[in-house]
Structure formats: structure tokens, C-alpha cells
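Q: Fold the following and give me the result.
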Amino acid sequence: ALDADVFWPEVVRDDRFLMSNGEDDAAIMVTRTMRVQDDGSVEVVRAPEDPEAAPDFGARTVLARTLEGEVVVRFNQASKIESTFDPASLFLPASLEAGESVERPFTVDAVGPRFGTGTGEGSITVTGHGTQGVRTPAGDFEAFVFSSESSFQIGPATISRTRRAWVALPGNGTDASDGEMDLPGIVAEESGQTVKVFGIAFSKKAWVSVLAE
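A: Have a look, this model is predicted:
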């Protein structure tokens, strides 16, 4: 099982990832900063070293913990769409077993280009897939894999998002020279976003990132 506490940071931390959208040959270096806010929420900012070369690689997410220990998304800004969730959208259950799926509804108030602005209803399903070894430039990790699929409708637009993440497990992050590493949570990720308007594909984007150091 994956415990949400593995992901929740106690101090400010910066991790660097190599990120690609599958369209360019060269991966872009990005920094993911996780910072605890005064209200107890966590701000996660993903910033490319060259914002002009990779404008779609930047993102900002605000996470919170529920009384039950779940990690939920209050706010997300990515791909020119700002989404505020109330009730919040599930990011990770307090505990997720391999083979288990958890579904939650949410309400979103979004601001974006053209058809991306308005209020809508949606749902997200988070699924656990068990453990898998993953090799990254930062080292080899034994990771728990989980995925999420969400969809919400705003007027004639339907926005669908997917994520598949590899989360380093305690005691299994190793480096060839240093032994135990400070576990960074997510060490590899695939994500995507599709926007359809009146059922016709309007835009489709995908990203892959791996821990660099």
C-alpha cells in the first residue's frame, strides 16, 4: 500500500527533473519546489529553467490534507488554465492498496482561453498498481505506481487529465555511491491533458518527467 504521508513534505524542498513533451528531441530541466504554507497547505511549483523555450512546462498546484488524511487539490494552474476546486479534487487517498480504485466528485471554477472558463462538475478516479523498479538519472528506486483519471465539463468544453506516477518507497531509494537517499516522493511521471469542444478534439498535450538530481 502507498501511504499519503510519503508524499507530504515537512520542509521546503527543491527537486530537479528532466521533462519532455514528446515533440522535441531535447528534454528540458525543470525544478519542482514544494513549500508548506502558513495555513498548512502545500504549494507545488514546477518551473522550467528556460520558460520561453517551454511555456507549457510550468505549473502551480496547492494541496491540502483532509481530516481523514487524504491529499486533495485546492488549486491548479497549468497549460493556460487556472482551476479552483471546491470541494477539492482528490490527489491521493490516505492509503492506497495495489488494485484499489478510489473515485471522488469535485466542483471546479476554471479560467482559461476560449471555452476554458466557467464552473463545472467532474470526478476523478485514483488507482493503485503496486510496486515497480524505476531507473532515473538520480538513481534506481523501488516505487509504488498509481494513476489518476479526471474529467470535468465547462459549457461545451470537456477537459480530461491523466497522471501515472512512480513514488519512491521508504528504505528503497538508493544511489550507487551514497547508499540511502532522501526520498523525494514522485520520481517519475507521465501526464496529459485533452480538451474537447462539442465532442471535437481542441487540444491534446502530454508530458514525461524523471528525477534528475
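Q: mind checking which helix or strand S191 is in?
A: Taking DSSP states H and E as the criterion, S191 maps to strand 186-197.
Q: Direction included, what does that strand pair against?
A: strand 157-168 (antiparallel), strand 200-211 (antiparallel) (DSSP bridges).
Q: count of neighbours near the residue nearest to S147 when sequence neighbours are not counted?
A: Residue nearest to S147 in three dimensions, not counting chain neighbours: R164, with 4.4 Å by C-beta to C-beta, 6 or more residues apart in numbering. All C-beta atoms are positioned from the backbone trio N, CA, C, and that covers glycine. Neighbourhood size, R164 [other C-beta atoms under 10 Å]: 17.
Q: quick one: low-confidence parts of this protein?
A: 22, 24-25, 53, 55, 114-116, 171-184 (pLDDT under 70).
Q: And the residue nearest in space to the middle of the chain, how far from V12?
A: Centroid check for the chain by C-alpha atoms, centre = their mean gives R163 as the closest residue, at 6.5 Å. Separation of R163 from V12 (C-beta to C-beta, to the nearest Å): 23 Å.
Q: try E189
A: Remark: distance between E189 and V12 (C-beta to C-beta) = 21 Å.
Q: More neighbours: the two, which one.
A: Just comparing E189 and V12: by other C-beta under 10 Å the higher neighbour count belongs to E189, 18 against 11.
Q: so that one bridges to which residues?
A: Beta-bridge partners for E189, by DSSP bridges, are A165, S209.
Q: Around V36, how many other residues sit close by?
A: The number of residues packed near V36 is 15, by other C-beta under 10 Å.
Q: List the contacts of the nearest residue to it once chain neighbours are set aside.
A: Take V36 and drop its neighbours on the chain: the residue closest to it by C-beta to C-beta, 6+ apart is V42, 5.6 Å away. V42 is in contact with 8-9, 34-36, 62-64, counting by C-beta atoms under 8 Å, 6 or more residues apart in numbering.
Q: Narrow these to those in strands?
A: 34-36, 62-64 (DSSP state E).
Q: Quick check: PyMOL command selecting the buried ones in these.
A: Remark: buried members of those, expressed as a PyMOL selection using 16 or more other C-beta atoms under 10 Å:
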select buried, resi 34+62+63+64
